[in-house]
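> here's my sequence, what's the structure:
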Amino acid sequence: MNVLVADKFEKSGIEGLKAAGCDVIYEPDLKDDALAEAIGSSGADVLVVRSTKVTAPMLDAGRLGLIVRAGAGYNTIDVAGASKRGIYVSNCPGKNAIAVAELAFGLILSLDRRIPENVAELRAGKWNKKEYSKAQGLYGKTLGLLGVGSIGREMIRRAAGFGLNVVLWSRRYAGQEGTLSDVELRELDLESVARLVRIELAPTPGDVAARADILSVHVALGPDTKGMVNRELLGRMKPGAMFINTARGEVVDHAALADVVKEKQLRVGLDVFGNEPATATGDFSDALTSLPAVHGTHHIGASTDQAQEAIAAETVRIVRTYKDTGRVPNVVNLAKRTPATHMLVVRHRDRPGVLAHVFDQLREANLNVQETENIVFEGAEAAVARINLDGTPADEVCARIKKNQDVLDLQVVTL
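Predicted structure coming up:
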């Protein structure tokens, strides 16, 4: 299996792919037309990328069967185009969660203790203990979280260490209010943490903003989250509160944020922006970064050695599983439910040609097979095929299938 790695990737990941029996082409600087050409010329079965965009022309350039985003998101990949062409898209969720949570808390601490300003004045040869002794402290404050995925959960674990209370909103608990149940805590793997920190649900993102001393964003970017942190939500924040975004820049209305920073003296920590350069280095300008109460970093949330090694190991696991079994862990573009309306259940002898006979009859009846599964009994004498169809097989179709002496029984189930 040929694997084209078109972004910077850990040496351990390259070695792991080779150990899995893959032929690896490592070209970390490929972009645009050059990447499309390489996909075709290399005969790549698998493409591994990080921040590189994967477009429709690239999908048509060769014979790709799998694209792995070596990271948590996949908004740089034409997922709809991949789905149309039957190309799997997979990612590495949760592997950078600790790194992002660590940076988020770094931004929180830097805002409260004004660490960058301290450093700048010391480097300029100035001592100003009187000014920089002013800090509120974090203990007993309320951390508001928008999103409780893998990063949000790591935020809660660290909140316990700082003595913070937590109020959160998540799409999975939208509209709910109060404390999380034992079942919900168990689902989130937060049972032990809940003994150390009070965790409460708020029914809307705005309600979280109103209650939080520190509001931190951890939602994925999608049609329903783009611009969700708008003027109305920000306007509900407490004067002097902190706002942290280590998710995606497009989740926040930056013009509204700049206005509310001035109106409410918000303190802001940002790792992501809506107008980031397309390359790793380049010129950058954003009105927010010129404001004295705003601290920013260069979209480095996942950029720790620990996180990158974990992502590399997960990428290797995905590719190895695909190579050895044809299955894809963490796949993001399979239909949650097919258009199938009926299931044909066929109990048959495990012999050559039996299922070919069944599919021939379905084809002649113009019935499309959406999904199929064939389960073989011990001894390999008999099997049961479950065949999901986009319509109802007529009685005469079932009768023709039954004519095969190796078909033992069949039934039609409405889905």
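> so Met24 belongs to a strand, correct?
Rather than Met, residue 24 is Val. Yes. Val24 forms part of a strand when assessed by DSSP: H, G, I helix; E, B strand; the rest coil.
> now do the contacts for Glu309.
For Glu309, the set of contacting residues under the criterion of CB atoms under 8 Å, 6 or more residues apart in numbering consists of Glu10, Ser12. Every residue, glycine included, has its C-beta placed from N, CA and C.
> go with 10 Å
Listed by CB atoms under 10 Å, 6 or more residues apart in numbering, the contact set of Glu309 reads Glu10, Lys11, Ser12, Gly13, Lys95.
> and the gap between the second one and Ile39?
Going back to what we said before, that points to Lys11. Relative to Ile39, Lys11 is positioned 23 Å away (criterion: CB to CB, to the nearest Å).
> which one of these two is surrounded by more residues?
The residue with the greater number of neighbours, taking Lys11 and Ile39 and applying other CB atoms under 10 Å, is Ile39; the counts read 24 against 10.
> element containing the more buried one, please.
Under the criterion of DSSP states H and E, Ile39 resides in helix 32-42.
> who touches that helix?
In contact with helix 32-42 (CB under 10 Å, 6+ apart) are residues 2-4, 6-7, 23, 25, 27, 29-30, 44, 47, 49, 52-64.
> so which of the residues you listed are in strands?
Those of the contacts of helix 32-42 mapping onto strands are Asn2, Val3, Leu4, Asp23, Ile25, Leu47, Val49, per DSSP state E.
> among those, who's most crowded?
In terms of neighbour count, Leu47 stands highest of the ones in strands among the contacts of helix 32-42 at 31 neighbours, by other CB under 10 Å.
> these two touch, right, that residue and Thr55?
No. Under the contact definition of CB atoms under 10 Å, Leu47 does not touch Thr55, with a separation of 11.8 Å.
> any chance of a PyMOL selection covering the buried ones in the contacts of Glu309?
Selection command for PyMOL covering only the buried members of the contacts of Glu309, criterion 16 or more other CB atoms under 10 Å:
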select buried, resi 10+13+95
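> which of the contacts of Glu309 sit farthest apart?
Distances among the contacts of Glu309 were taken as CB to CB; the most separated pair is Lys11 and Lys95, at 17.0 Å.
> before we move on, the earlier item: mark which of the contacts of helix 32-42 are buried, thanks.
Taking 16+ other CB under 10 Å as the criterion, what is buried in the contacts of helix 32-42 is 2-4, 6-7, 25, 30, 44, 47, 49, 52, 54, 58-59, 61-62, 64.
> ok, Glu102 - contacts?
When contacts are counted by CB under 10 Å, 6+ apart, Glu102 touches Glu154, Met155, Arg158, Thr246, Gly301, Thr304, Gln306, Ala307.
> of the residues you listed, closest to Thr204?
Met155 (19.2 Å).
> name the SS class of that closest one, please.
For Met155, the secondary structure call by three-state DSSP comes out as helix.
> ok, now which ones touch it?
Residues counted as contacts of Met155 (CB under 10 Å, 6+ apart) are 97, 100-102, 104-105, 108, 143, 145, 147-148, 164, 166, 168, 214, 216, 218, 244, 246.
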